[in-house]
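K.L.:
A predicted structure for the sequence below; I have some questions about it.
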Amino acid sequence: MKYLTGSKAERKHSCQVVLDMNYKLLRQAIKERTSTDTDIVRVLNVLGIEVSREGFFKVREERTPSCKINKDGSCHDYGSGEHYGDIVALLFDGYRAFESLPETMNWLCEELGISKEDYDE
């Protein structure tokens, strides 16, 4: 898995490019489908991210995993102090697994079986 670069401000700019869908409702649907730590582990495993039995995993090149999945599906990165409230924030802002927010959400919708057509404006 590659780690993307770019400042948080640069990456947040791409958040404005979610096209033809009700972003808030779609993000809520993704959050509901990944509302437990078990759901988050399953998604991370699909991406090839190893999660320890205690829920720790790496979000950057590091010797010891510093990010922990909480029971409610949120994650905390002890290495940076960042908290990610849902899988979208974790994959886009934390892990930087995708180039853009729309790409992140599209992948999650496909992986979770969510029909984006239900969220068109």
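P.N.:
Received, thanks.
K.L.:
was I right about L90 contacting N70?
P.N.:
No - applying CB atoms under 8 Å as the test, L90 and N70 come out as separate, 11.0 Å apart. To be clear about C-beta, it is placed using only N, CA and C from the backbone, and glycine gets the same treatment.
K.L.:
Sheet-wise, list the partners of the host helix or strand of H76 with their directions.
P.N.:
Per DSSP states H and E: H76 is located in strand 75-77. Applying DSSP bridges, strand 75-77 is found paired with strand 67-69 (antiparallel), strand 83-84 (antiparallel).
K.L.:
Name the residues that touch the shortest one?
P.N.:
Applying CB atoms under 8 Å, 6 or more residues apart in numbering, the external contacts of strand 83-84 come out as 74-77, 90, 93-94.
K.L.:
rerun that using 10 Å as the cut-off
P.N.:
Residues from elsewhere that reach strand 83-84, judged by CB atoms under 10 Å, 6 or more residues apart in numbering: 40, 59, 67, 69-70, 73-77, 89-95.
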